[in-house]
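Enquirer: Predicted structure and sequence below. I'll ask about it afterward.
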Amino acid sequence: MLQILKSGRFNEASEDMLNLAAKILSYNTLFVAVHDQLTNDIIQVTNRDETIITVGQLPFIDTYCRHVTATEEVLVIDDTSEHPLTRALSVTQTLGPTAFIGCPITLSNGERIGTVCALNRLPFSFNDEDAEVIKSVAHFLSQVAEFEFSVYTERTMGVFRRPYLERIFTRWVETGPGPISVLVIHMGSGQLVRGLRGLSLTDEFFIEATKRLQGVLPKSAVLARTNDTEFTVLIPTGTEKAVKTAEEIVATFRSPVQFSPYPVILRPYVGIASVPESAHNFRDLLGRAAAAAYLGLRELKGAVTLHRPEEKKSAGRILKIAQRLSKALENQEFCLHFQPKFAIDDRRSLVSAEALLRWPQPDGTWISPAEFIPVAETTGFIIPLGRWVLEEACRQNAAWQRMGYRPLLISVNISPRQFESVDMADMLQEILENTQLDPKWLSIEITEGLLIRNSDMVADTLNRIREMGVTIAIDDFGKGFSSLAYLARFEPQVVKIDQEYVASMLQNPKYFTIVAAAINLAHNLGMRVVAEGVETEAQWAALEGLHCDAVQGYLMARPLPAENMQEQFLVKRAPLSLNVR
C-alpha cells in the first residue's frame with residue numbers, strides 16, 4: 001500500500017503539514033515516513049540549516065521509525081548515540097549524536113502505517129509543545145490516510161480498488177508512451193463457494209487468491225479487486241508479455257485450496273486488452289478485457305483470452321448479462337412461468353407443470369433463458385439463482401394449495417453444477433420445511449450427463465431425495481448418450497424424452513424408433529414418460545399410440561405467469577360434504 005501513501009493526497013498533505021509545523025517549532029529536520037514492515041520510505045523532508053535526512057528508502061529494521069511505531073504516542077530520545085534503542089543502529093553511526101522525536105501515524109484499526117519525526121544536532125532537547133505539534137500532524141495525516149485507503153484499497157484483501165488503477169493508468173500515460181495491458185481475472189469458482197452449504201463467499205477465499213496472484217505478478221504490476229469474483233491487473237507491458245503473465249496466473253491456481261472441509265479448485269479465466277490495440281482510455285480497456293474473460297468462460301475458448309475487435313458485440317453482451325445477474329436477483333427482477341403437462345389417456349387432463357425461469361426487462365422485453373442461463377452456468381451464479389427458483393416454485397405451489405386449488409406436482413430443473421456444489425438433499429429439506437410444501441408435490445429434473453459424473457455421490461444423494469418423497473425425473477432423455485444401465489441404477493420415477501426426437505419422429509423413422517423404444521423401456525422399468533416439445537396434433541396422436549403417459553408443449557399451452565396458470569388450468573377442490581341427520 002506504499003504506492004498510495006507516496007503519491008496523491010497523502011503526500012501532498014504531508015508536505016503542507018511539514019511546512020506548517022516548521023513555522024511553529026524550532027528544529028533542524030522534520031520528516032514523514034511510511035513503511036510496510038520491510039522498507040521505511042521517507043516521502044517528505046524539511047531541512048533548515050543542515051541537510052540531515054533526505055527523501056529515500058532504508059531497511060525498516062535499521063530506522064528510528066521502527067521504534068516509534070512500537071510506542072503508544074510520542075517517542076523522545078535526547079541522544080541517539082546513548083539511548084539503548086538507537087545507539088547500535090547503523091543510521092546512528094552515519095548521523096552521529098542527535099536529538100530525536102517521533103509519533104506514529106495510526107489508523108482507526110490500530111495499524112501504524114508511518115511516522116512523523118524530527119531531528120536536531122546536539123545540544124538540543126524537544127519539549128512538550130514539540131510533542132503536541134508532532135502528535136497533531138500525525139493525527140491529521142492518519143485521517144488523510146484513512147480517506148485514501150477507503151477510496152483506493154480493499155483493506156481486508158490487501159489489494160487496490162478500481163479508482164487506483166485509473167490513477168496509475170493516467171500517470172503511466174502522462175509519463176510517456178509505452179505499452180500498457182489490463183488483465184481481468186474472473187475466478188470461475190467464486191460463485192461456487194458462495195453456494196456451498198453452510199458457507200458464504202468469505203474473505204478467506206479471496207485472501208488465498210490474492211496471495212497466489214501476488215506470488216506470480218511482476219513488481220511493476222498493480223493488483224486490484226474489481227467485484228465479487230474478479231481481480232484486475234494493470235501492467236506496463238505489451239500483449240506478448242501480458243499473455244505470459246496470464247499463463248503464470250492460470251498455472252498457480254492448478255492446485256486446490258482447502259476451504260473449510262472442502263477442497264476447492266479456483267479456476268481463473270483471464271481476459272487481456274492492451275494499449276493501443278484494444279483501446280486508449282482506461283474505461284474501454286477494462287471493459288474489453290472483462291468481455292474477453294467472460295467470452296473465454298462462456299464459450300470455453302480457454303483460460304486466457306485476448307480481446308479481439310471482431311468479437312466486441314458478442315463479448316459485450318455476455319459481459320453485460322454476467323454483470324447484471326447478481327443485482328437482478330437482489331432486486332427481485334426474476335419471475336417464474338409454469339408450463340402445464342397433460343395426460344394423454346385422460347382427456348388431456350392437467351397432471352403437473354414445470355417451473356421455468358424468466359427475466360423481464362423494464363422496457364417490456366425479455367432476456368431469453370438461452371442467453372442468461374449459460375452465462376449463469378459458466379460464472380457459477382446458477383447456484384444461488386437455482387436455489388431461488390426452487391424456493392419460489394415451492395412457495396407458489398404451497399400458496400395455491402392454501403387457496404383451495406387441487407394439489408399439483410411442480411417440477412424444477414436442477415443444474416449439474418448446482419447439484420454438485422451443494423448438498424441437494426439437505427437444501428431440498430430446508431426449502432420444503434420453510435415453504436410447508438409436502439415433498440410429494442415437488443419433482444426435480446436432472447440431465448443424463450449428471451448421472452455419469454461422480455455417479456456414486458449422485459446415487460447417494462438421489463436415494464436420499466427419493467426417500468424424502470420428492471419425485472426424480474430425467475430431463476432430455478436420449479440427448480446425453482448415457483448408458484441405459486443408469487436408468488436402472490438411479491431409478492428415476494419419470495423420463496422426459498428430448499424434444500428434438502419428438503419434433504423429428506414423424507419425418508425420421510429412426511427417431512420414431514428411438515421414441516418408441518424409450519417409452520417401452522421406461523414402462524418396463526416402472527417409470528412414467530413425458531414427451532417434450534409437442535406442437536402438433538399428429539405428434540400427439542403418435543405419442544398416444546405409443547402409450548406415452550403425458551405431453552408438454554405449445555400445442556396445449558405455452559409457459560404462463562402464475563396468475564394465468566391459476567386462472568386457466570388450476571381446479572378448485574370440491575367442498576367437503578356433510579351428512580346431517
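Expert: On my side now, so go ahead.

Enquirer: contacts and neighbour counts: CA atoms only from here.
Expert: Noted.

Enquirer: where does the stretch 51-200 of the chain dip in pLDDT?
Expert: 155-158, 188-200 (pLDDT under 70).

Enquirer: And the strands in it?
Expert: Secondary structure of the stretch 51-200 of the chain by DSSP state E, counting those that start in this stretch: the strands cover 56-59, 75-77, 98-106, 112-121, 153-154, 159-160, 180-187.

Enquirer: So what touches whichever strand or helix holds Gln3?
Expert: Per DSSP states H and E: Gln3 is located in helix 2-5. By CA atoms under 8 Å, 6 or more residues apart in numbering, the surrounding residues in contact with helix 2-5 are Phe10, Asn11, Val34, His35, Asp36, Ala145, Glu148, Phe149, Tyr152.

Enquirer: can we see that at 7 Å?
Expert: Outside helix 2-5, the residues that touch it by CA atoms under 7 Å, 6 or more residues apart in numbering are Asn11, Val34, His35.

Enquirer: now, which of those residues sits nearest Pro123?
Expert: Val34 (28.1 Å; CA to CA).

Enquirer: Against Gly114, how distant is Asn28?
Expert: According to CA to CA, to the nearest Å, Asn28 stands 20 Å off from Gly114.

Enquirer: if I look at Glu544, how far off is Ala538?
Expert: Going from Glu544 to Ala538 by CA to CA gives 10 Å.

Enquirer: do Ser26 as well
Expert: Distance of Ser26 to Ala538, computed by CA to CA: 101 Å.

Enquirer: Where does pLDDT dip in the stretch 201-350 of the chain?
Expert: Low-confidence segments of the stretch 201-350 of the chain, defined by pLDDT under 70: 201-204, 228-229, 257-265, 298-302, 309-316, 347.

Enquirer: Please, where are all the strands along it?
Expert: Here the stretch 201-350 of the chain has its strands, by DSSP E, counting those that start in this stretch, at 222-227, 230-235, 257-259, 262-264, 268-275, 304-306, 335-343, 350-360.

Enquirer: how about these in CSV, adding mean neighbour count?
Expert: Shown next, in CSV, are the strands of the stretch 201-350 of the chain (neighbours: other CA atoms under 10 Å):
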stretch, mean neighbour count
strand 222-227, 20
strand 230-235, 24
strand 257-259, 14
strand 262-264, 13
strand 268-275, 28
strand 304-306, 24
strand 335-343, 22
strand 350-360, 20
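
Enquirer: Please name whichever of those strands is nearest to Ala290.
Expert: strand 268-275 (5.8 Å).

Enquirer: sorry, back to before: neighbour count: Asn28 and Gly114, which is higher?
Expert: Neighbour totals were compared for Asn28 and Gly114, and Gly114 leads with 30 against 18 (other CA atoms under 10 Å).

Enquirer: who touches that one in this structure?
Expert: Ala33, Val34, His35, Pro104, Ile105.

Enquirer: just to revisit the earlier point, so Glu544 and Ala538 - more neighbours on which side?
Expert: The neighbour comparison of Glu544 against Ala538 (other CA under 10 Å) goes to Glu544, with 16 against 11.

Enquirer: I'd assumed Ile344 was in contact with that one.
Expert: Yes - with contact defined as CA atoms under 7 Å, Glu544 and Ile344 form a contacting pair (6.1 Å).

Enquirer: tally of neighbours for Gln57?
Expert: Gln57, neighbours per other CA under 10 Å, totals 14.

Enquirer: That one contacts Leu38, doesn't it?
Expert: No - here Gln57 lies out of contact with Leu38, judged by CA under 7 Å, at a distance of 10.2 Å.

Enquirer: can you pull up the bridge partners for the closest residue to Val304 other than its chain neighbours?
Expert: Excluding the flanking residues, the one nearest Val304 by CA to CA, 6 or more residues apart in numbering is Val270, at 4.8 Å. Beta bridges link Val270 to Ile185, Val304 when assigned by DSSP bridges.

Enquirer: For Val270, list the residues it contacts.
Expert: Counting by CA under 7 Å, 6+ apart, Val270 makes contact with Leu183, Val184, Ile185, His186, Ala246, Ala293, Ala303, Val304, Thr305.

Enquirer: Hmm, Ala289 is touching Val184, no?
Expert: Yes - with contact defined as CA under 7 Å, Ala289 counts as touching Val184 (5.6 Å).

Enquirer: quick one: which of the contacts of Gly114 is most hemmed in?
Expert: The most crowded member of these, judged by other CA under 10 Å, is Pro104 (31 neighbours).

Enquirer: thought that residue was touching Thr115?
Expert: Yes - assessed by CA under 7 Å, Pro104 is found in contact with Thr115 at 4.4 Å.

Enquirer: list residues touching both of the two?
Expert: By CA under 7 Å, 6+ apart, Pro104 and Thr115 have these common neighbours: Ala138.

Enquirer: Just the CA atoms of the host helix or strand of Val529, as PDB, please.
Expert: Using DSSP H and E, Val529 sits in strand 528-532. In PDB, the C-alpha atoms belonging to strand 528-532 read as follows (Å, rounded to 0.1, in the frame of the first residue of the first chain):
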ATOM      1  CA  ARG A 528     -43.600 -42.700 -16.400                       C
ATOM      2  CA  VAL A 529     -42.800 -40.900 -19.600                       C
ATOM      3  CA  VAL A 530     -43.300 -37.300 -20.600                       C
ATOM      4  CA  ALA A 531     -42.700 -36.100 -24.200                       C
ATOM      5  CA  GLU A 532     -41.400 -32.600 -24.500                       C
END
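
Enquirer: Pull the residues that contact the helix or strand that it is followed by.
Expert: Downstream of strand 528-532, the next assigned helix or strand under DSSP H and E is helix 537-545. Contacting residues not belonging to helix 537-545 are listed as Ile344, Val534 [CA under 7 Å, 6+ apart].

Enquirer: Okay, buried residues for helix 537-545 please.
Expert: By 16 or more other CA atoms under 10 Å, the buried positions in helix 537-545 come out as Gln539, Trp540, Ala542, Leu543, Glu544.
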